[in-house]
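Need the 3D shape of this:
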Amino acid sequence: MEVRELAKRARLASFVLAKAHTSIKDRALVLMAEKLEEKKEDILKANKIDLENAKGLSSALIDRLTLNEKRINTMAISLKEVARLEDPIGKTVSAWKRPNGLEIQKIRVPIGLIGIIYEARPNVTADAAGLCLKAGNAVILKGGSEAINSNAKIVEVLQEAVKEAGLPPEVISFINDARREATMELMHCEKYVDLLIPRGGANLIKTVRKESTVPVIETGVGNCHVYVDETADLKMAEEITFNAKVQRPGVCNAIESLLVHKKIMKEFLPVMLERLRIAGVEVRGCEKTREIVPWVIPVTEEDWYTEYLDLIIAVKVVKDVDDAIAHINKYGSHHSESIVTRDYFNARKFLTEVDSACVYVNASTRFTDGYEFGLGAEIGISTQKLHARGPMGLEEITTTKYIIYGEGQVRG
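Numbers count the residues shown, from 1 in each chain. Prediction:
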């Protein structure tokens, strides 16, 4: 079906969903979870086709693309979690009464039809569909060509559940067309689509931001950092750094750079970098880092700006917390940063002055995630400052309107 016609039908379905009672939406979400579990083998077969077609792509991309029983179960669990969350629609944000007797309320309402453009992560299909549905929004999904079979099968399963719950299946729509032209057409469907959210690499986000005539919330590239302060518990710093880099390097909340205070560099760097090397991480470092660990590859200026999404890390020795903050604010993507320290004042300084969506003290950046934050799932992680910032849950995909009660008042 032509993208514009698909969007038109999804728009009409959004009006039905916007009026749906919470109980109907929650039933749909539970059915969606149950159908994913029931049709697990069909989804894995579709994913196998995508994986066979993806041979030759990077290991990080293959990891994002891969589904298994555990990941499908996690998708189902997330949908059930979203069903348990409070419905934001109709919630009063604020209320007051004017001297003339007018009673004014500001309430939450759905945005309408949300378009999601994303790459190589089939779990996004279920997460985005579930969150949009709970928040009363229809969604039109445009996944990457790498995952087209997986995404199509997941949407088919979810639509079956939605229909069984008594809602139009078009509230979850999917553009089953891998061509770039289809993506461009979605970006110009401002007559039907209220909001567009890109999830993927820097090139995708840049293209959507530049080309779209639909309003865009930018989900950010993850050039994230861990800074090990002079007072850090070095064993804790080692575990946090290793987790943030190695546990799943191909995701946006994995770190790309490690900053280390000069006073602990000789004690910390040899142990930390050797552990990373054994894990298969390519280490690129500044001159001071290479003086301590000679096998480290020289770092370039471009490295500090790079989101590797791979087993590569850039390492820099800094003179103090101010130097670390300045480096992060210059080179980072305003996503997630962590300080490992026992110094209260340095922790507060880092939290206050680092200009990122999520800032941690003594914890891995890998927790920047809607599910981990208790939001059930996430639409994406916004690194911009307008409307939404950080993991985007239910409230971030709603808008507000004012309702006003009067008793015949007229303006003089």
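
What residue spans form the domains of this structure?
Domain ranges of the chain: 3-219+379-405, 224-367, per automatic domain parsing.

Next, format these as JSON lines and append mean pLDDT.
What follows is these, written out as JSON lines (pLDDT from 0 to 100):
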{"stretch": "domain 3-219+379-405", "mean pLDDT": "94"}
{"stretch": "domain 224-367", "mean pLDDT": "97"}
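
Any chance of JSON lines for those domains, columns distance to Arg411 and mean neighbour count?
Heads up, the C-betas are built off the backbone N, CA and C, glycines and all. Putting those into JSON lines (distance: least, C-beta to C-beta, whole Å; neighbours: other C-beta atoms under 10 Å) gives the following:
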{"stretch": "domain 3-219+379-405", "distance to Arg411": "9", "mean neighbour count": "19"}
{"stretch": "domain 224-367", "distance to Arg411": "42", "mean neighbour count": "19"}
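
and Gly412, which of the ones you listed is closest to it?
domain 3-219+379-405 (9.3 Å; C-beta to C-beta).

Tell me the gap between the closest one and the middle of its chain.
12 Å (C-alpha atoms, centre = their mean, to the nearest Å).

again with stretch 323-340
Using C-alpha atoms, centre = their mean, the offset of stretch 323-340 from its chain centre is 19 Å.

now swap in stretch 377-393 and tell me
That offset, for stretch 377-393, works out to 7 Å (C-alpha atoms, centre = their mean).

That stretch: end-to-end distance?
7 Å (C-alpha to C-alpha, to the nearest Å).

Residues in contact with it: which ones?
The contact list for stretch 377-393 (C-beta atoms under 8 Å, 6 or more residues apart in numbering) reads 78-79, 81-82, 85, 114, 116, 126-128, 130-132, 197-199, 217-222, 252-253, 333-336, 356-358, 368-371, 373, 375-376, 396-397.

mind listing which of those residues are in helices?
Those of the contacts of stretch 377-393 mapping onto helices are Ser78, Leu79, Glu81, Val82, Ala126, Asp127, Ala128, Gly130, Leu131, Cys132, per DSSP state H.

Specify which member of those residues is nearest to Ser14.
Out of the ones in helices among the contacts of stretch 377-393, the member with the shortest distance to Ser14 (by C-beta to C-beta) is Cys132, at 9.3 Å.

can you pull the contacts of that closest one?
So Cys132 contacts Ile114, Ala138, Val139, Val171, Ile172, Ile379, Ile397 (C-beta under 8 Å, 6+ apart).

Would you state the strands of the stretch 151-300 of the chain in chain order?
172-174, 195-199, 224-228, 255-261, 282-285, 297-298 (DSSP state E, counting those that start in this stretch).

Put together TSV for those strands, with distance to Glu164 on each row.
Listed next are those as TSV, based on distance: least, C-beta to C-beta, whole Å:
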stretch	distance to Glu164
strand 172-174	13
strand 195-199	27
strand 224-228	41
strand 255-261	43
strand 282-285	49
strand 297-298	55
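
Identify whichever of those lies nearest to Lys401.
Among the strands of the stretch 151-300 of the chain, the nearest to Lys401 by C-beta to C-beta is strand 195-199 (15.5 Å).

Packing partners of the closest one?
In terms of contacts (3 or more C-beta pairs under 8 Å, 6 or more residues apart in numbering; DSSP states H and E), strand 195-199 is packed against strand 113-118, helix 202-211.

With distance to Ile292 as extra columns, can I get the ones you listed in CSV?
Listed next are the helices and strands packed on strand 195-199 as CSV, based on distance: least, C-beta to C-beta, whole Å:
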stretch, distance to Ile292
strand 113-118, 41
helix 202-211, 32
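
Among the ones you listed, which comes closest to Glu2?
With C-beta to C-beta, the closest approach to Glu2 among the helices and strands packed on strand 195-199 belongs to strand 113-118: 14.9 Å.

Name the nearest residue to Ser150, sequence neighbours excluded.
Pro122 (4.0 Å; C-beta to C-beta, 6 or more residues apart in numbering).

what does Ile205 give?
Once flanking residues are discounted, Ile205 sits nearest to Pro198: 5.0 Å by C-beta to C-beta, 6+ apart.

For stretch 398-412, measure first residue to last.
34 Å.

Let me fix that, I meant to ask about stretch 81-97.
37 Å.

Which one of the helices and strands packed on strand 195-199 lies nearest to Tyr308?
Using C-beta to C-beta, the helices and strands packed on strand 195-199 put helix 202-211 closest to Tyr308, at 11.8 Å.
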